[in-house]
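Peer 1: Sequence and predicted structure are below.
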Amino acid sequence: MQTLLKRAARFAARDASVVILGETGTGKEVVARILHANSVRAKQPFIAVNVAALPTELLESELFGHGKGAFTGAATARRGLFEAADKGTLFLDEIGEMPLTLQAKLLRALQDGELRRVGESESFAVDARIICATHRDLAARVREGSFREDLYYRLKVLTLEIPPLRERQEDIIALASHFLAEEKTTAALFSAAAQERLLAHEWPGNVRELQNAVKHGAALAIGSEILDEDFPDELRRSRTPQPAETPAPTPLRTLDDVMRQHILYVLNACGGSQSEAARILGIARNTLWRKLREFDV
């Protein structure tokens, strides 16, 4: 994560669009907020919207706003999230789920720097940096026709990919300790067995699942440590890593046996030349000859 955040810091200094890729629960919105907090727009609004959570009709109004009387129930004009993010950052989570009709309107807003509220005819300028996130393969969605290619390249100026938690085990205990420090509990650390359990789990829910597991452990902890049995049942069903098998000890051998094996090894490496073998072994040729007779070779 330190490597990823160093890269994010470089992106924060730019004003280009960013696409954050990663599985659900990896912390894409956290990274988006870090990008915003370290940018020149840090003092301006950070507006987040989950594209997948809203139906198409409502999403258009949420993003672009609507004029008075634009539809039944629109008694007054209302500005959208795009407008609310003016001079700041608009974070579009799960951008891969955006309907094609809205993709065209988003593309126009990005290209022209202007948008038009639903039900209105006049456009106005808006300056918002776009950061998107998705767990989808956007390139694959372009190929299958469910995501506009022109919008894909418009958004994908800078890319950050967050690896799943199972691929960065060195972060697990550090993250768990961070989450534990945020809890009101007597426990300040994890027992050795609890740490083994954390490292053994596959974390399909990634960082979000880890945070919930720590909350569960903190709620059940009695002493100064979170124990293995304090974790949720599904975590405790994870396979505990087995210690590596200790290799069988090398059988003890006599000095003559070791000497015989080494002399034969050197002699074989020298192609059977006793003179060359004696030179490498650092002994006289006659000594080598006597040793070979002793070893019955």
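Peer 2: Arrived safely, thanks for sending.
Peer 1: can you map out the strands along this protein?
Peer 2: Taking DSSP state E to define them, one finds strands in the chain at 18-21, 46-50, 89-93, 114-115, 124-125, 129-134, 158-161, 189-190, 225-226.
Peer 1: Tell me which of those strands lies nearest to Leu267.
Peer 2: Smallest distance to Leu267 across those (C-beta to C-beta): 57.0 Å, for strand 158-161. All C-beta spots, glycine's among them, are computed from the backbone N, C-alpha and C.
Peer 1: Pairing partners for the closest one, with directions?
Peer 2: strand 18-21 (parallel) (DSSP bridges).
Peer 1: Extract the C-alpha trace of the partner strand and format it as CSV.
Peer 2: The C-alpha trace of strand 18-21 is given here as CSV (Å, rounded to 0.1, in the frame of the first residue of the first chain):
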residue,chain,number,x,y,z
VAL,A,18,-8.2,8.9,-12.7
VAL,A,19,-9.6,5.4,-12.9
ILE,A,20,-9.2,3.2,-9.8
LEU,A,21,-9.4,-0.5,-10.3
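Peer 1: Can you verify my assumption that Glu276 contacts Cys270?
Peer 2: Yes: using C-beta atoms under 8 Å, Glu276 and Cys270 qualify as a contacting pair, with a distance of 4.1 Å.
Peer 1: coming back round to it: dump the strands of the chain into JSON lines; add mean neighbour count and mean pLDDT as well.
Peer 2: Shown next, in JSON lines, are the strands of the chain (neighbours: other C-beta atoms under 10 Å; pLDDT from 0 to 100):
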{"stretch": "strand 18-21", "mean neighbour count": "23", "mean pLDDT": "94"}
{"stretch": "strand 46-50", "mean neighbour count": "18", "mean pLDDT": "94"}
{"stretch": "strand 89-93", "mean neighbour count": "25", "mean pLDDT": "95"}
{"stretch": "strand 114-115", "mean neighbour count": "18", "mean pLDDT": "84"}
{"stretch": "strand 124-125", "mean neighbour count": "10", "mean pLDDT": "85"}
{"stretch": "strand 129-134", "mean neighbour count": "24", "mean pLDDT": "94"}
{"stretch": "strand 158-161", "mean neighbour count": "16", "mean pLDDT": "92"}
{"stretch": "strand 189-190", "mean neighbour count": "18", "mean pLDDT": "92"}
{"stretch": "strand 225-226", "mean neighbour count": "24", "mean pLDDT": "92"}
